[in-house]
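Undergrad: Sequence and predicted structure, then a few things I'm wondering about:
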Amino acid sequence: MKLNTVTVLALCQAVTAVKPVVDLGYSKFQGTLLDNGITQWLGMPFAAPPVGDLRWRAPRDPAKKTGVVDASKHAPSCVGTGETVNANKSEDCLYAAVYAPSHATKCKPLPVYVWILGGGFNQNSGPNPNGTGLITAADMDLVVVTFNYRVGAYGFMTNGDTSTSSATGSQLMDTNVGLLDQRKLLKWVQANIAKFGGDPRRVVIGGASAGGASVTYQLTAYDGQDEGLFRGAAAESQSFGPVRTAEKSRYQFVNLAQKLGCWESPTAEQEDGTDKSKDAEVVACMRSAPAETVQTAASKNIPYPELTNATSTSSAFTLAPLYMFSPMIDGKIIKDLTYNRFAEGKYVHVPSIFGDDTNEGTVFAPRTASTRQASHDFLRANFPAVTESMLTVLDDLFPNKNESTCPNAGCWWRQAADVYGDTRYTCPGLFLAETLANPATPSATAAGGRAKPPVYLYRYNALDPAQEAEGLGVPHTVEANAIFGPDNVSSAPKSYFPGGINAGVVPVIQAYWTSFIRTLDPSALKAEGSAEWKAWEGEIETGKRLLFKTGGSTVLEGVDSGDGVENQVAKCRYLESIAVQIEQ
């Protein structure tokens, strides 16, 4: 019997897609119907626990469970570098949460926003953000997914072997498993989100800091192979840290094995870590260590070996990077440096948002830095391939405005912060806008010269009085508090709450973000009175980005014409010229 359109619509309206109990095949999950018209499902496994033999392995499918599983509480997030295993932090951590309007139907599936946590790939920073604020801001026309992924020693450890030539015929350890966890979650969304009222064809991925970096890694994964996992991307404070080869990252494996008592050094080759003949036994020993023991052994980062082995009196060679464990070139999910992948067009070409905060580096640079050498040391500790000649040029581009106050402690803090912030965050964002909008950038599916999907760039410059008084300016990822809403994240600045000076920025930025998630155009459903956010056009010398001001007003600005920005184009042109040399 054929059903006419009216009958089908009537049936759709009569059957609510989102019910508290959702059957995903491998398990049934009991969610919670909230008073605000949203249903949430928390702590749902999207992969098997990555413990025991699955430590340092690509994620596997979750086990089947009978009965109905309670999904009313968050599961532990992934334990990271320097953290303690407890009820809230665990190696068993591959869980997701879904927030959806309770009235959603299968006949009209909703757009989906997948949020990727930050934390420098060494922690799950700000775990369990509440997605209800975004759904409310989107007029109940949105589904939000959040999740954990492995970080630190569990997510980005390697013995340096990316071949399949070991005695067992396969690698002893999979590489970049934290990124593979993200990929697993995106495939889980494709398979299951319709059961929550979401549309798998309308997924937008987003994240801040390492979450923003993860967006770029998923765009360039497998040389930009498009598996239909998302149709748009929004990254805040996208991070371009050094991307080293798996072989150059082996020192981390050797260091941890030694601290766990799994490494014997009877020969010179085994002493320096180059001998891999006993890696199978070493890896087996490391997998047998309890997570608590691993956490103790991996509690501190160590300097890059090429710095500690150099002949110099500079203290930089005793400084460890802020984030030791990070994504690496493995010839698989990551095949080359991030700058190269985008310049060569080897990424998924979809509409995108990128952007930064005015003072990206202030929360990272050492506040006690009191000399030029301290500034140099900090940058070299985090970008070990930077050279003395590069540092000389950077000194000229980033003069120290506080030098007259030296040698007081901290007189070089803001200079070091500016160099680091532009190197790792701001200038990569400008590079992405220029490159992704350039018709000459190659495409895997079309020759260069064709119009590219729109890319939207922003600068966030909403000052919080407390952060300004602390000397932070407008710091790294602060806009995420406004995007989710201050009630839905931990430790939001007071000025973002009702009555605060930045309360007005919350509905403005939420409208842009939810408009992009719903329509792929941030201005289609923007807040009344806010500026039209136009797609980026041209080079960084002429392009326009959206500026968020204190209080929530917005305006388009040129890169070098904005308040609080000096000589940005020249700085970024130089940093782009050395990006490949410093392994970005």
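TA: Now that the structure is in, tell me what you want to look at.

Undergrad: check contacts around the closest residue to P407 other than its chain neighbours.
TA: Take P407 and drop its neighbours on the chain: the residue closest to it by CB to CB, 6 or more residues apart in numbering is S370, 5.2 Å away. No exception for glycine: its C-beta is placed from N, CA and C like everyone else's. S370 makes contact with 406-412, according to CB atoms under 8 Å, 6 or more residues apart in numbering.

Undergrad: Could you rerun that using 6 Å?
TA: 407, 409, 411-412 (CB atoms under 6 Å, 6 or more residues apart in numbering).

Undergrad: cool, and P453?
TA: Contacts for P453 (CB under 6 Å, 6+ apart) come out as 349-351.

Undergrad: Show me the helices in the stretch 201-350 of the chain, by range?
TA: With DSSP state H, counting those that start in this stretch, the ranges of helices along the stretch 201-350 of the chain come out as 210-224, 250-259, 268-272, 279-288, 291-297, 305-308, 338-343.

Undergrad: what is the mean pLDDT for the longest one?
TA: Over the span of helix 210-224, the pLDDT mean works out to 98.

Undergrad: can you list the contacts of S370 in JSON lines and add pLDDT and distance to D336?
TA: Output for these, formatted as JSON lines (pLDDT from 0 to 100; distance: CB to CB, whole Å):
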{"residue": "P407", "pLDDT": "82", "distance to D336": "43"}
{"residue": "A409", "pLDDT": "87", "distance to D336": "41"}
{"residue": "C411", "pLDDT": "95", "distance to D336": "39"}
{"residue": "W412", "pLDDT": "97", "distance to D336": "34"}
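
Undergrad: Check those against A234 and report the nearest one.
TA: W412 (34.3 Å; CB to CB).

Undergrad: burial measure for that closest one, as a count.
TA: Residues lying near W412 (other CB atoms under 10 Å) number 28.

Undergrad: before we move on, back to that, and the residue nearest to P407, how close does it get to A320?
TA: Distance, S370 to A320, using CB to CB, to the nearest Å: 20 Å.

Undergrad: for the stretch 201-350 of the chain, what are the low-confidence residue spans?
TA: Counting by pLDDT under 70, the stretch 201-350 of the chain contains low-confidence residues at 265-272, 310-316.

Undergrad: Go through whatever helix or strand A191 lives in and flag the buried ones.
TA: For A191, the enclosing helix or strand under DSSP states H and E is helix 177-192. By 16 or more other CB atoms under 10 Å, the buried positions in helix 177-192 come out as 177-186, 188-190, 192.

Undergrad: do the same with stretch 509-522
TA: Buried, per 16+ other CB under 10 Å, within stretch 509-522: 509-518, 520-522.

Undergrad: before we move on, back to that, so how far is the helix holding A191 off the chain centroid?
TA: Mean-position distance between helix 177-192 and its chain equals 14 Å (CA atoms, centre = their mean, to the nearest Å).

Undergrad: quick one: that helix to helix 210-224, angle?
TA: Inter-element angle recorded for helix 177-192 and helix 210-224: 80 degrees (by axes from the mean of the first three to the mean of the last three CA atoms, to 10 degrees).

Undergrad: Would you mind putting the CA coordinates of helix 177-192 into PDB?
TA: C-alpha atoms of helix 177-192 as PDB (Å, rounded to 0.1, in the frame of the first residue of the first chain):
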ATOM      1  CA  VAL A 177      45.300   6.400  18.600                       C
ATOM      2  CA  GLY A 178      43.800   9.600  20.100                       C
ATOM      3  CA  LEU A 179      43.000  10.800  16.600                       C
ATOM      4  CA  LEU A 180      41.700   7.300  15.800                       C
ATOM      5  CA  ASP A 181      39.400   7.600  18.800                       C
ATOM      6  CA  GLN A 182      38.000  10.800  17.300                       C
ATOM      7  CA  ARG A 183      37.500   9.100  14.000                       C
ATOM      8  CA  LYS A 184      35.800   6.200  15.700                       C
ATOM      9  CA  LEU A 185      33.300   8.600  17.300                       C
ATOM     10  CA  LEU A 186      32.600  10.300  14.000                       C
ATOM     11  CA  LYS A 187      31.700   6.900  12.500                       C
ATOM     12  CA  TRP A 188      29.600   6.100  15.600                       C
ATOM     13  CA  VAL A 189      27.700   9.300  15.000                       C
ATOM     14  CA  GLN A 190      27.100   8.300  11.400                       C
ATOM     15  CA  ALA A 191      25.700   4.900  12.500                       C
ATOM     16  CA  ASN A 192      23.600   6.100  15.400                       C
END
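
Undergrad: Where do the helices of the stretch 1-150 of the chain begin and end?
TA: Under DSSP H, counting those that start in this stretch, the stretch 1-150 of the chain gives helices at 5-14, 132-137.

Undergrad: lowest-confidence stretch among the ones you listed?
TA: Mean pLDDT per stretch puts helix 5-14 lowest among the helices of the stretch 1-150 of the chain, at a mean of 51.

Undergrad: Extract the C-alpha set from stretch 455-471 and format it as PDB.
TA: Output of stretch 455-471 as PDB, limited to C-alpha atoms (Å, rounded to 0.1, in the frame of the first residue of the first chain):
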ATOM      1  CA  VAL A 455      35.900  30.000   5.100                       C
ATOM      2  CA  TYR A 456      35.000  32.500   7.900                       C
ATOM      3  CA  LEU A 457      37.700  34.100  10.100                       C
ATOM      4  CA  TYR A 458      37.300  35.900  13.400                       C
ATOM      5  CA  ARG A 459      39.300  37.600  16.100                       C
ATOM      6  CA  TYR A 460      37.900  37.600  19.600                       C
ATOM      7  CA  ASN A 461      38.700  40.700  21.600                       C
ATOM      8  CA  ALA A 462      36.100  40.800  24.400                       C
ATOM      9  CA  LEU A 463      38.000  41.900  27.500                       C
ATOM     10  CA  ASP A 464      37.100  40.400  30.900                       C
ATOM     11  CA  PRO A 465      38.000  42.800  33.700                       C
ATOM     12  CA  ALA A 466      39.500  40.100  36.000                       C
ATOM     13  CA  GLN A 467      41.600  38.700  33.100                       C
ATOM     14  CA  GLU A 468      42.700  42.100  32.000                       C
ATOM     15  CA  ALA A 469      43.800  43.000  35.600                       C
ATOM     16  CA  GLU A 470      45.800  39.800  35.700                       C
ATOM     17  CA  GLY A 471      47.700  40.800  32.600                       C
END
